[in-house]
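**Q** show me how the following folds:
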Amino acid sequence: MKKEYWIILIAYIGMQFSSLIGVPLLSFAGAFFGKSMGNTQIVAYWLVISFTITLLIALTLLRKEMRERDLMRDAPTAGTSVAWAIGGVFLAITAQAVAASIENMLGIEMGSENTQTIIRIIQASPIVVIVSSIIGPILEEIVFRKIIFGSLHKRINFFFSALISSVIFALAHFEFEHILLYSAMGFTFAFLYVKTKRIIVPIFAHVTMNTFVVILQLNQGRIENWLKEMEKIQAFIGGFL
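**A** Numbers count the residues shown, from 1 in each chain. Here you go, the predicted model:
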């Protein structure tokens, strides 16, 4: 594995645990400058800071590689890649739905605690949407698809390299009961990457998926009310038939 890849991996792992130092430090800085902040707000600010710094490190280390057009000589055309990017969103939704159904059959309670935590933080500090919908997915695709999956795929076949990297991706979310759900998503993104040879394709699918989930979660009450209204209208119309 390239030296740059190792540095990015170390930076990403460090970011995952940086809140142990960053949150107290940010709290102290706020108190020092006379700006009182709630704990949720402090966590939100640190998420934005730590994810942004890590992404900048990754993009800086990969800038030379991204300029090497020879790496893309076997990639599909831009139009084909766009089609895969759009189709990949629906492929990811399908994979998630199938995995969720299997988990449900196994008696695993639906719903992600990680997602609910992020939604609560977003409601307190909307700026965190940048992390959940853009910076986070980009970083995860660089780390888990480009670096981990890409490095494994050079040595072993697609199935096992995608499986290993997807399980690592799932474990990194620390929701072990939903390992199948996260693995299915990771496997789908790995497929999109190997099919198009463009990391931007799984990035687009991942960003779209996360954004879709955030929008649904933030408007859950409105959606439920709308569904109830639709049921009332359907029952009213049904009364005349």
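**Q** C-alpha only now, for contacts and for neighbours.
**A** Will do.
**Q** residue nearest the centroid of the protein?
**A** Centroid-nearest residue in the chain: P137, 3.8 Å away (criterion: C-alpha atoms, centre = their mean).
**Q** mind checking how far the helix or strand encompassing that residue is from the chain centre?
**A** Secondary structure assigned from DSSP states H and E places P137 in helix 136-140. Put simply, helix 136-140 sits 6 Å off its chain's centre (C-alpha atoms, centre = their mean, to the nearest Å).
**Q** now swap in stretch 39-49 and tell me
**A** Taking C-alpha atoms, centre = their mean, one finds stretch 39-49 lying 18 Å from the centre of the chain it belongs to.
**Q** and the residue nearest to I108 when sequence neighbours are not counted, what's its pLDDT?
**A** Spatial nearest neighbour of I108, chain neighbours left out: E177 (7.0 Å); criterion: C-alpha to C-alpha, 6 or more residues apart in numbering. On pLDDT, E177 comes in at 86.
**Q** count the residues that sit near E177.
**A** 15 (other C-alpha atoms under 10 Å).
**Q** thought Y182 was touching S166?
**A** Yes - contact criterion C-alpha atoms under 8 Å: Y182 and S166 qualify, at 7.4 Å.
**Q** about what we covered before: wait, the residue nearest to I108 sits on L106?
**A** No - with contact defined as C-alpha under 8 Å, E177 does not count as touching L106 (10.5 Å).
**Q** from V48, how far out is I122?
**A** Remark: distance between I122 and V48 (C-alpha to C-alpha, to the nearest Å) = 11 Å.
**Q** those two - which one has more neighbours?
**A** I122 (21 against 18).
**Q** contact partners of the helix or strand hosting that one?
**A** Here I122, judged by DSSP H and E, is contained in helix 113-124. Defining contact as C-alpha atoms under 8 Å, 6 or more residues apart in numbering, one finds that helix 113-124 is touched by 40-41, 44, 128-129, 132, 173, 175, 214, 217-218.
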